[in-house]
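Engineer: Quick one, what's the 3D model for this:
(one chain, ligands or ions: 1)
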Amino acid sequence: MKYLIFASAALLFFSCSTAQQKPSKANKMEEKKNNPVFSRTNTDKVEISDEEWKKILSPEQFYIARQRGTERPWTSPFEQSEEIGTYYCVACGNTLFKSNTKFDSGCGWPSFFEPVTKKSILYLPDNTLGMRRTEVQCGRCKSHLGHVFNDGPPPTGLRYCINGVSLGFEKKGE
Ligand SMILES: [Zn+2]
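Structural biologist: Down below sits the predicted model:
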């Protein structure tokens, strides 16, 4: 009897732990399966319609990445993250920033002082909201990432203030 209780408890534990793991793995694969333009290696430019982006991205991702929206400050888990790895464009997979160029700017959004390469990012003047700012977009698919300012730390003196919703993260070694 004791053995039976132990066995069913073990079985219950096993089924709980697999039930917890399965959805996140499936979601991750699903995310890429539904996104024909996503690639961590292909650097060809991506030009598809908003209708197509709508099918690929979540409503929040679509609003921020394709309609130049801004996430509320302090809402991104990436803002405080100190994990080592690479940040990429959530829409197309293009490599954008390394974690060793991330710093705590205190502004409420994930902040970096340097992109991985010059081609990772596009720069556009943004004079909306009565301000002169420089918008930064993904160099591969032109998704809106955020803005760059001149008050960052050395060596660049730049602060790339980025919406966490526009980013994906790949842990080093994965
Ligand atoms: Zn992109």
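
Engineer: what about the protein, any weak spots by pLDDT?
Structural biologist: Applying pLDDT under 70 to the chain flags the ranges 1-33.

Engineer: Residues of it that sit close to the ion?
Structural biologist: When proximity is defined by Cβ under 5 Å from the ion, the chain lies next to the ion at C89, A91, C92, N94, C138, R140, C141, S143. From N, CA and C alone the C-beta is placed, and that goes for glycine too.

Engineer: Among those residues, name the ones in helices.
Structural biologist: With helices defined by DSSP state H, no entry of the residues of the chain next to the ion lies inside them.

Engineer: okay if I get these as CSV plus distance to I64?
Structural biologist: Below are the residues of the chain next to the ion laid out as CSV (distance: Cβ to Cβ, whole Å):
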residue, distance to I64
C89, 12
A91, 10
C92, 14
N94, 16
C138, 12
R140, 17
C141, 13
S143, 8
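
Engineer: how long is stretch 122-141 from one end to the other?
Structural biologist: For stretch 122-141, the first-to-last residue distance is 10 Å (Cα to Cα, to the nearest Å).

Engineer: Would you mind measuring from P110 to the ion?
Structural biologist: 16 Å (Cβ to the ion, to the nearest Å).

Engineer: do the same with S111
Structural biologist: 19 Å.

Engineer: With adjacent residues omitted, what lies nearest to that residue?
Structural biologist: S105 (3.7 Å; Cβ to Cβ, 6 or more residues apart in numbering).
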